[in-house]
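Chemist: Return a 3D structure for these sequence lines:
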Amino acid sequence: MKNDLKIIPVSHVFENINYLVPIYQRNFAWNETQIVQLIEDIDSSIDDSNKNYFLGNLIVNQKDNNIFEVIDGQQRLTTLYLLEKYLEIVFAKEALRFEAREKSNRTLSYVSDRSNHEIIEELSSPEILNGFQVIDNYFKNKNIDRNSFSEKLKRVFLIRVQVPQNIDLNHYFEIMNTRGEQLELHEIVKAKLLEVLESDHEKNVAALIWEKCSDMNSYVQMNFDVNTRRSIFTDDWSNLYQSITNFDSIKSKIFTANESIDKKTLIGILSENKLLNVSTTQFEDENERFESIISFPNFLLQVNAVLRKLGEEDASLDDKHFLSNLSWTWSTSEKAKDYLFHLLKCRVLFDQYVLKREFARDYKDMGKWSLQRLEKYRDNKKNSDKPKYVGTFGDEDNDNKKLRTLQSCLRITYTSPKTMHWISVIISTLLEDRAVEIIPMLESYCKKKIVDSDYTKAYGFGFERIVFTYLDYLIYRDGYSYNGNEIIPPLQDDWQFQFRSSIEHFHPQHPVEGEFWKPDDLNSFGNLALITVSGNSKFSNLPPAGKINSYPSIINQSLKLRIMEKMTRLGDGKWTVEKASKHKNDMFDILRN
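Modeler: Okay, here's the model as predicted:
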C-alpha cells in the first residue's frame, strides 16, 4: 500500500481540487480565538523572502480524480477557504463541500460570491458566517493589506497526506477518535528519549512519566494510579517528595510492568495505540473539569526553555524548530533522564501556579479562569481519599485574585503558544526558589513590555494589546475613582478577562450621526478600547450613547471602557474630545505609576 505525501502551498491548496467533508465529521466549529490565532501565526511567521512556514497536516482519502475526502484537518481547511475567499484568491466555489449539509454549502457559496445575492439567516450556517465575519473584522481593524497577506500564503505550506487506497477507514477513524490527534513530532521525541535509555525499567518509567504528563487537562498527580501517587507525591498530594531529586529517585520508587521496550523500533513506538491524552484517573468526573492553556507539545518546549535558560530572543517556543530545539535531550541517556525528571517537576509547578480554564458549577458551559492547587482530603463516609482544589494562595485571598487576573491578562494578550514566554519565566523562577513572590515578578515583566511598546507615541491601531490589557489589570487591582467617586472597586469579583483582539473607536470613525472628530482626537488612546471582534462588529458606527444603551455586556469587556461609559454619562451625557483627552492623561498616569 502506498501512502502519498505532498507539500502544497496554501495559496494553491484549492486549485483544481475538490474537497468533501464527510457527514460523520462534525461541522465547522472554530471560533474567533482559533481563527485569529491562525491568521496571526501566518502573519508573524513570514517576515522575509527566504522564510517558509508549515501549517500542519491535512489527511485525505482520494475518492476520484482530484476529489478528496477530508479525514482530518477540516477545521483548518474550512478557515483557509474562508480566508482565501476573503482575499479574493480565485478558485472554484465548489472546491470545498460538506456532505449532506445544505446550510453549510449554501453559506460557502454565499461567501464565494457576495455581490449577487443575500443569504437568509434561517437557511445559513451561523458558524461559517461568523468565521467569515471574524476574518473581515480582523483585517479591517488591523489594517492589513490583502495583497501582501496573499503573497505570504505562497510561502505557507500544508502537508497533504493521502491514506492508502484500500485502508479500512472505519478502523482508521476509530484510532484517530480514540487518540484525539495525529502522530506528531512530540511522539518522535518520546521515541528518541526511550531509545537512549539503557534498561527496560528505565524505559518503562520514562514512558509512564511521559504518558501522565501528556494529559494537560487534569492535575498530573491524578493521572497516576494510587500506589504510584503515594510513592512519589507528598501525603497531601500537592508536591513531589523532597527525596525525589532526579530520574533515578523516581525509578527506585516505581515498579512497572516487565514488557520490553528497547527492542521496539522507532516506528513501533510511534505506532502504539496508547491514549496519550486520556487520563487514567479513577475520578472520571474530573476528566472534563479543567482545560490547560497550552498543549503538551507546547509544554515540552516550555520545559526546554526553562532548562536551557533561553530568553524570548531565542524563539525557543516556536514549534517550527520543534525537533532541533529538543534534540539535545536524547544526545545521552543522562540528559534524557534529566529532561524527563524536570518534565514531571515542571508539570507539578505548572499545575499549581499557572492558570487553567475551569468548567464547573455555574461556569460549566462557558468556563472561567482558575488558579488552584490540588490537595488531598479524606472522605470518611466512603473511606477513601479524594482530590480537592483550593486557591493557590487561598480561595478568597487577594493575591490569588491578583495573580489569576494578571495571568489571564497575559494569556489573552499573547495568544500564540510561541509568544507565551511568561509561563517559562514563572516555572524557571519557582524551580530556583519556591518562596519567590510571583506577582511583583510578573508585573515587572508586563511593565517592561509596556515601556518597550513606546505607547506614549503610538496612534490608533498602533497601540499594542498589552497596553490595554495590563491597564485593565491595574484598574482591576487598584480600582478607579473619578472626581472623588469610586467607579471601579478594587478586585471586583464578577469581572474576568475575555479574549479580545479588536481596537474599538468609542467615538466611531464613520459616525452615522454627530460630528466627525479630527484624526488625532479620533485615534488618541483616550478614545480607544480593546474588545472582541464580534463586539466591534456589533458596535459598528453607533455613537457612544447608542453603544452604552444597546450593548452593556460589550462595555463590560473592558474596565477602561466602563470608565469611558461613566464619563460619558457625566455632565451633558456626551462623549467629547475634552473627556477623551482627560481620560488619556489619566490612563497614561496609571501606566506610568
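Chemist: Could you report the neighbour count for residue 550?
Modeler: Neighbour count of residue 550, defined by other CB atoms under 10 Å: 12. All C-beta spots, glycine's among them, are computed from the backbone N, C-alpha and C.
Chemist: For the remainder of this discussion, apply numbering that starts at 160.
Modeler: Happy to do that; since the first residue is 160 now, the last one works out to residue 709.
Chemist: Contact partners for it?
Modeler: By CB atoms under 8 Å, 6 or more residues apart in numbering, the contact set of residue 709 is 697, 701.
Chemist: Contacts only, for residue 700.
Modeler: With contact taken as CB under 8 Å, 6+ apart, residue 700 is in contact with 667, 668, 669, 670, 671.
Chemist: Over to residue 250?
Modeler: Per CB under 8 Å, 6+ apart, neighbours of residue 250: 173, 174, 243.
Chemist: Lowest-confidence entry in these?
Modeler: Among the contacts of residue 250, residue 174 has the lowest pLDDT, at 90.
Chemist: Spatially nearest residue to residue 458 (excluding sequence neighbours)?
Modeler: Once flanking residues are discounted, residue 458 sits nearest to residue 375: 6.4 Å by CB to CB, 6 or more residues apart in numbering.
Chemist: Show the pLDDT at residue 345.
Modeler: The confidence metric pLDDT takes the value 85 at residue 345.
Chemist: Wait, it touches residue 455, no?
Modeler: Yes - Residue 345 is within contact range of residue 455, at 6.3 Å (criterion: CB atoms under 8 Å).
Chemist: okay, and the common contacts of those two?
Modeler: The contact sets of residue 345 and residue 455 overlap at residue 373 (CB under 8 Å, 6+ apart).
Chemist: And the helices in the stretch 460-609 of the chain?
Modeler: 481-485, 492-512, 557-572, 580-591, 597-611 (DSSP state H, counting those that start in this stretch).
Chemist: before we move on, back to that, so the residue nearest to residue 458, which of the three states?
Modeler: coil (DSSP: H, G, I helix; E, B strand; the rest coil).
Chemist: which stretches of the stretch 410-559 of the chain form strands?
Modeler: Applying DSSP state E, counting those that start in this stretch to the stretch 410-559 of the chain gives strands spanning 449-450, 515-517, 527-529, 531-538, 543-550.
Chemist: got the contact list for the shortest one?
Modeler: It refers to strand 449-450. Outside strand 449-450, the residues touching it (CB under 8 Å, 6+ apart) are 376, 377, 378, 515, 516, 517, 518, 526, 529.
Chemist: what bits of the stretch 460-609 of the chain have low per-residue confidence?
Modeler: Within the stretch 460-609 of the chain, the set of residues satisfying pLDDT under 70 comprises 524, 554-555.
Chemist: need the contact list for residue 725.
Modeler: By CB under 8 Å, 6+ apart, the contact list for residue 725 reads 641, 646.
Chemist: Mind pulling up the pLDDT for it?
Modeler: Residue 725 is assigned 94 on the pLDDT scale.
Chemist: Could you pull out the buried residues of whatever helix or strand it lives in?
Modeler: Residue 725 belongs to helix 718-728 when elements are defined using DSSP states H and E. Residues 718, 719, 720, 721, 722, 723, 724, 725, 726, 727 are the ones in helix 718-728 that count as buried (16 or more other CB atoms under 10 Å).
Chemist: Name the nearest of these relative to residue 704.
Modeler: Here the nearest of the buried residues of helix 718-728 to residue 704, counting by CB to CB, is residue 727; it sits at 6.8 Å.
Chemist: So what's the residue count around the closest residue to the closest one other than its chain neighbours?
Modeler: Spatially, and ignoring its direct neighbours in sequence, residue 727 is nearest to residue 734 (4.4 Å; CB to CB, 6+ apart). Around residue 734 sit 24 other residues, with neighbours defined as other CB under 10 Å.
Chemist: pretty sure residue 734 is touching residue 720, no?
Modeler: No - taking CB under 8 Å as the definition, residue 734 is not a contact partner of residue 720, at 11.2 Å.
Chemist: shared neighbours, the two?
Modeler: Here residue 734 and residue 720 share the contacting residues residue 665, scored by CB under 8 Å, 6+ apart.
Chemist: could you redo the buried residues of helix 718-728 as a markdown table and give each row distance to residue 219?
Modeler: Formatted as a markdown table, those follow (distance: CB to CB, whole Å):
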| residue | distance to residue 219 |
| --- | --- |
| 718 | 47 |
| 719 | 47 |
| 720 | 45 |
| 721 | 49 |
| 722 | 52 |
| 723 | 50 |
| 724 | 50 |
| 725 | 55 |
| 726 | 55 |
| 727 | 54 |
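Chemist: Considering the contacts of residue 700, which possesses the most neighbours?
Modeler: Among the contacts of residue 700, residue 667 has the most neighbours (other CB under 10 Å), with 22 neighbours.
Chemist: so that one, which of the three states?
Modeler: The local conformation at residue 667, judged by three-state DSSP, is coil.
Chemist: same deal with the one 4 residues further on?
Modeler: At residue 671, secondary structure determined by three-state DSSP is coil.
Chemist: what pLDDT does it get?
Modeler: pLDDT at residue 671 comes out at 81.
Chemist: What residues does it make contact with?
Modeler: By CB under 8 Å, 6+ apart, the contact list for residue 671 reads 700, 701, 702.
Chemist: can you do 6 Å?
Modeler: Going by CB atoms under 6 Å, 6 or more residues apart in numbering, residue 671 touches residue 700.
Chemist: Quick check: phi and psi on it?
Modeler: Per-residue torsions, residue 671: phi -80, psi -20 (degrees, to the nearest 10).
Chemist: distance of it from residue 180?
Modeler: According to CB to CB, to the nearest Å, residue 671 stands 40 Å off from residue 180.
Chemist: How about residue 508?
Modeler: In terms of CB to CB, residue 508 sits 41 Å off from residue 180.
Chemist: These two: who's more crowded?
Modeler: Between residue 508 and residue 180, residue 180 has the larger neighbour count (other CB under 10 Å), namely 24 against 20.
Chemist: So in terms of bridging, what pairs with the more buried one?
Modeler: When bridges are called by DSSP bridges, residue 180 pairs up with residue 257.
Chemist: pretty sure it contacts residue 228?
Modeler: No - counting by CB atoms under 6 Å, residue 180 stays clear of residue 228, with 8.1 Å between them.
Chemist: Give me the buried positions along stretch 307-320.
Modeler: Under the neighbour-count criterion of 16+ other CB under 10 Å, stretch 307-320 has 308, 311, 312, 314, 315, 316, 317, 319, 320 buried.
Chemist: Ok, stretch 583-591 next?
Modeler: 583, 584, 585, 586, 587, 588, 589.
Chemist: Spatially nearest residue to residue 689 (excluding sequence neighbours)?
Modeler: That would be residue 627: by CB to CB, 6+ apart, it lies 3.7 Å from residue 689.
Chemist: Could you list the low-pLDDT ranges of this structure?
Modeler: Within the chain, the stretches with pLDDT under 70 are 160-162, 207-209, 273-282, 324-343, 415-447, 524, 554-555.
Chemist: at 50 instead, please
Modeler: 160-162, 337-342, 416-444 (pLDDT under 50).
Chemist: okay, now the domains of it?
Modeler: For the chain, the structural domains run 163-338, 614-751, going by automatic domain parsing.
Chemist: Turn these into a markdown table, columns for distance to residue 482.
Modeler: Formatted as a markdown table, the domains of the chain follow (distance: least, CB to CB, whole Å):
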| stretch | distance to residue 482 |
| --- | --- |
| domain 163-338 | 12 |
| domain 614-751 | 30 |
